[in-house]
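**Q** A structural model of the following input is requested.
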Amino acid sequence: MKILLILALSFYSTNIFAEDFSWSEFTPKGRGYKPGETPVIYTQDRSIRKKEFKRRILFAVDPRSFQFKDHRKKGKLNILVFGDPGTGKKDQYIVAKKMHQECEKLRCDFGLILGDNIYPKGLKYSKGNTLSKTDMGQLNQKFELPYKDFHHFDFWLVPGNHDWMGDIQLAIDYTRKSVRWKMPYTNYAIPRLPSWIKIQGLDTTRIEQLKANSSHVTEQIIHGNKKYEGKTGLIDDSKKYYFCKSKGWKILFGHHGIYTSGRHGKLDSQNYFSYINPFRKMGWNRNMKKKLLPFIKQCGVQIYMVGHDHHQEHIKAIDRKTKKVIYHQILQGSAGKVRESFEVKHPEFETLSKKDWYGFSILTFTPDKVHVRYFGYPPGHPERYSMYYDSYIYKKDFK
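**A** Below is the predicted model:
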């Protein structure tokens, strides 16, 4: 009887959670490395070293070693979206409680966390497979406890620039230990989704830190640029662009936005003095625009979800010449911190909604449209919490 039970559980785990995966979605390429352990390499406390992005070899978590839900048969997905949560402070817990209440009503299927998951410097005190008390304390205070009411809920994460100040491999490996934390690699496709939607996580910190004259993301994907360790996973083993060839929704989520009304629209990591440059154009991250926007246009990505700037904003990117919509950007960077945004008039985007509030969004996807809801409250006034923005994005608008 025990043997039959063990065999049944084994069959259930393999077929429900980890059937027919392609390692090309998860693993770094180019040097013959196989999934496994790698020595811990720490970054400097004060800055993220550019050479770290060039030389660091990261290893993916085998998708057969952790569990996640299967959504392939669904005709609708309710997705919780938020970024920059990991402060461990009072407002993170308040926002988390509100998230859970709304997800109970709308029956959220899973969540996307848009980077800066552990402030201020990520996970960095552990060695090998054993988490230190310091890192475990950080994970409990800044992730597990705020979201404990979600129980066995899939939060798919990507790293932010603050996470890269620590050891990213520790964050990847924690996927095996937590029932909620899912970050099998820094770039990966979310598995087990309906055929009408593809969602791809990007390590935008690596993209942004590349030299200004480096290849566009599109070229890095095609040629496997060695400067960009680990392909984004947007092509399969036969070099076919399964993500871009999809006829359904094509969704990216990462940390750094292209357009923004926040501080990072004027200040980027390549040149801190640009913040005081009176000729510096506000409204975009120059590096992300140069490297990621060409791929979004070529691939036909309709929605890009980001954090980094600590406010809430819904942006519609517009082609200067044709005036047609290129993509929608869902900016949610205020699940743990809030910072002032600015009034920006930019010829390449239109702000549909913006508030300097703590909060999050829930997007309801169906094959032909997306229902966008923004929730939040002004700093110091959680009693004023509300769903303050309600809108739709139609797939037909991108044809």
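**Q** from here on, contacts and neighbour counts on C-alpha atoms
**A** Noted.
**Q** what pLDDT does the residue nearest to Ser341 when sequence neighbours are not counted get?
**A** Sequence neighbours aside, Gly262 is the residue nearest to Ser341 in space, at 4.3 Å (criterion: C-alpha to C-alpha, 6 or more residues apart in numbering). Predicted confidence (pLDDT) for Gly262: 91.
**Q** list the contacts for Gly262?
**A** The contact partners of Gly262, taken as C-alpha atoms under 8 Å, 6 or more residues apart in numbering, are 283, 309-311, 339-342.
**Q** gap between it and Tyr327?
**A** Between Gly262 and Tyr327 the computed distance is 19 Å (C-alpha to C-alpha, to the nearest Å).
**Q** go on, Gly359?
**A** 22 Å.
**Q** of those two, who's got more company?
**A** Counted by other C-alpha atoms under 10 Å, Gly359 and Tyr327 do not tie: Gly359 has more neighbours, with 35 against 24.
**Q** Now that one: which helix or strand?
**A** Assigned by DSSP states H and E, Gly359 belongs to strand 358-365.
**Q** Packing partners of that strand?
**A** Here strand 358-365 touches strand 77-82, helix 90-106, strand 312-318, strand 325-332, strand 369-377, going by 3 or more C-alpha pairs under 8 Å, 6 or more residues apart in numbering; DSSP states H and E.
**Q** can you list the residues that contact the helix or strand just after the longest one?
**A** Going back to what we said before, that points to helix 90-106. Counting by DSSP H and E, the element after helix 90-106 in chain order, helix or strand, is strand 110-113. With C-alpha under 8 Å, 6+ apart as the test, strand 110-113 has contacts from 78-84, 153-158, 253.
**Q** Most neighbours out of the residues you listed, which is it?
**A** In terms of neighbour count, Gly83 stands highest of the contacts of strand 110-113 at 34 neighbours, by other C-alpha under 10 Å.
**Q** I'd assumed Ile330 was in contact with it.
**A** No - the criterion here is C-alpha atoms under 8 Å, and Gly83 misses it with Ile330 at 10.5 Å.
**Q** Report the set of residues contacting both of the two.
**A** With C-alpha under 8 Å, 6+ apart as the test, Gly83 and Ile330 both reach Val306.
**Q** quick one, helices of the chain?
**A** Taking DSSP state H to define them, one finds helices in the chain at 2-17, 50-55, 90-106, 133-139, 168-173, 204-209, 217-223, 286-299.
**Q** ok, Tyr392 touching His371?
**A** Yes - using C-alpha under 8 Å, Tyr392 is in contact with His371, at 4.6 Å.
**Q** pLDDT below threshold where in the protein?
**A** Residue ranges of the chain with pLDDT under 70: 1-56, 209-242, 266-281.
**Q** thinking again about what came up before, which members of the contacts of Gly262 are the farthest-apart pair?
**A** By the measure C-alpha to C-alpha, Gly283 and Arg339 form the most distant pair in the contacts of Gly262, at 15.4 Å.
**Q** neighbour-wise, which of these two wins?
**A** Just comparing Gly283 and Arg339: by other C-alpha under 10 Å the higher neighbour count belongs to Gly283, 24 against 16.
**Q** That one: what's its closest spatial neighbour, skipping adjacent residues?
**A** Distances taken as C-alpha to C-alpha, 6+ apart put Gly265 closest to Gly283, at 4.5 Å, once the chain neighbours are dropped.
**Q** For Tyr259, which residues count as its bridge partners?
**A** Assessed by DSSP bridges, Tyr259 has beta-bridge partners Trp284.
**Q** how about the nearest residue to Ile118 once chain neighbours are set aside, what does it touch?
**A** The shortest distance from Ile118 to any non-neighbouring residue, by C-alpha to C-alpha, 6+ apart, is to Gly86 (4.4 Å). Counting by C-alpha under 8 Å, 6+ apart, Gly86 touches 92, 116-119, 142-143, 336.
**Q** could you dump those residues to TSV with neighbour count and distance to Lys177?
**A** Below are the contacts of Gly86 laid out as TSV (neighbours: other C-alpha atoms under 10 Å; distance: C-alpha to C-alpha, whole Å):
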residue	neighbour count	distance to Lys177
Gln92	23	22
Asp116	27	20
Asn117	27	16
Ile118	26	16
Tyr119	21	20
Lys142	22	16
Phe143	22	13
Gly336	27	24
